[in-house]
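S.K.: for reference, the sequence and a predicted model appear below.
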Amino acid sequence: MATLPVTHTRLHLPGRTPTPERPVRLVARDLKASELLAAHSHDWGQVTYALDGVVRVTVGKSTWIVPPQRAIWIPPRALHEVATLEKARLRALYVHAGASPFPGDGCEVLEVSSLLRELVVALAMADAGEARESMIAALILDELARSTTMPIRVALPDDKRLKSLCEMLIAEPASPLTLDEWAVRVGASSRTLARLFDSELGMSFGQWRQQVRLAHAAPLIARGMPLSHVASELGYASQSAFSSMFKKTFGQSPSAFFARRGGL
């Protein structure tokens, strides 16, 4: 999983601001791998979703790996960044602040139902300002509010040395480097890094690395990759080692977990 050069693309498209009369607006972008929508915010909420491809969404001190079976709700005025990990058909739903489907000011990770996916596609084809657009928008807001949230996220630190380590490990989740070896790379002792993992992220290096690997596992499993290949891709010695870690985290085997969610 080599890191590719990142290119930037334009953030907002004119004429797409949601209003009370048109509370849901769709912005479609077909992006290449390693494109970046640099950190920005706006007065409306946003559902970041890709019809295909995988994106990484970063909001504050958290980042998520988002496959087509998931979406991220980003509340109004939250500073956020979106990067493509592979070629992606990005479909962002801009939602007027007064029509937010979720309470509070936190992000929500959503399972994308078959209905929600088809509603997004239908909204893209609806005529602007017509009754059909309004009905589709209302159904989208209702379906979003009913969406099940997912717990997987990856916390990010403030310390520059630890953040450098975390960014490199997110880009290379299968890396076998120990904390001592990472310490040499980022210019801090392993003892200092261990203390920072505990104080800033509330977990050990090993626990944080497991979160990163789980986040990367979801798109691979959803794509139909055999579990043995997923385990190898993410640096596990065997499929059983990966499955054991997964079950310890979620209380189910990967096969049972994803089957229950219709192939998430």
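M.R.: Arrived safely.
S.K.: report the separation between Pro103 and Val24.
M.R.: 18 Å (Cβ to Cβ, to the nearest Å). Where C-beta positions appear, they are placed from N, C-alpha and C, glycine not excepted.
S.K.: okay, those two: which has more neighbours?
M.R.: Val24 (26 against 9; other Cβ atoms under 10 Å).
S.K.: between the two ends of stretch 70-84, how far is it?
M.R.: 14 Å (Cα to Cα, to the nearest Å).
S.K.: likewise stretch 49-65?
M.R.: First-to-last residue span, stretch 49-65, Cα to Cα: 11 Å.
S.K.: tell me the mean pLDDT for it?
M.R.: Taken as a whole, stretch 49-65 carries a mean pLDDT of 90.
S.K.: report the buried residues of that stretch.
M.R.: 49-51, 53-59, 63-65 (16 or more other Cβ atoms under 10 Å).
S.K.: okay, the residues you listed in TSV with distance to Ala97 and secondary structure next?
M.R.: Formatted as TSV, these follow (distance: Cβ to Cβ, whole Å; DSSP: H, G, I helix; E, B strand; the rest coil):
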residue	distance to Ala97	secondary structure
Tyr49	19	strand
Ala50	24	strand
Leu51	25	coil
Gly53	28	coil
Val54	28	coil
Val55	23	strand
Arg56	25	strand
Val57	19	strand
Thr58	21	strand
Val59	16	strand
Thr63	24	strand
Trp64	22	strand
Ile65	27	strand
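S.K.: tell me the one among those residues nearest to Ile72.
M.R.: Comparing these against Ile72 with Cβ to Cβ picks out Val57 as the nearest, at 4.8 Å.
S.K.: so that closest one touches Trp73, yeah?
M.R.: No. Counting by Cβ atoms under 8 Å, Val57 stays clear of Trp73, with 10.2 Å between them.
S.K.: packing partners for the helix or strand hosting Phe242?
M.R.: Using DSSP states H and E, Phe242 sits in helix 239-250. If contacts are counted by 3 or more Cβ pairs under 8 Å, 6 or more residues apart in numbering; DSSP states H and E, helix 239-250 sits against helix 205-222, helix 227-233, helix 254-260.
S.K.: okay, angle between the longest one and strand 55-59 too, please.
M.R.: The reference is to helix 205-222. Here helix 205-222 runs at an angle of 140 degrees relative to strand 55-59 (axes from the mean of the first three to the mean of the last three Cα atoms, to 10 degrees).
S.K.: angle of helix 205-222 against helix 239-250?
M.R.: Going by the same axes, to 10 degrees, helix 205-222 makes 100 degrees with helix 239-250.
S.K.: send the alpha carbons of helix 205-222 over as PDB?
M.R.: The C-alpha trace of helix 205-222 is given here as PDB (Å, rounded to 0.1, in the frame of the first residue of the first chain):
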ATOM      1  CA  PHE A 205       0.300   1.400  20.400                       C
ATOM      2  CA  GLY A 206      -0.900  -2.200  19.700                       C
ATOM      3  CA  GLN A 207      -4.500  -1.300  20.400                       C
ATOM      4  CA  TRP A 208      -4.400   1.700  18.100                       C
ATOM      5  CA  ARG A 209      -2.800  -0.300  15.300                       C
ATOM      6  CA  GLN A 210      -5.600  -2.900  15.600                       C
ATOM      7  CA  GLN A 211      -8.100  -0.100  15.100                       C
ATOM      8  CA  VAL A 212      -6.300   1.000  11.900                       C
ATOM      9  CA  ARG A 213      -6.200  -2.500  10.600                       C
ATOM     10  CA  LEU A 214      -9.900  -3.000  11.300                       C
ATOM     11  CA  ALA A 215     -10.700   0.200   9.500                       C
ATOM     12  CA  HIS A 216      -8.900  -1.000   6.500                       C
ATOM     13  CA  ALA A 217     -10.400  -4.500   6.700                       C
ATOM     14  CA  ALA A 218     -14.000  -3.400   6.000                       C
ATOM     15  CA  PRO A 219     -13.500  -2.300   2.400                       C
ATOM     16  CA  LEU A 220     -11.400  -5.400   1.600                       C
ATOM     17  CA  ILE A 221     -14.000  -7.800   3.100                       C
ATOM     18  CA  ALA A 222     -16.900  -5.800   1.400                       C
END
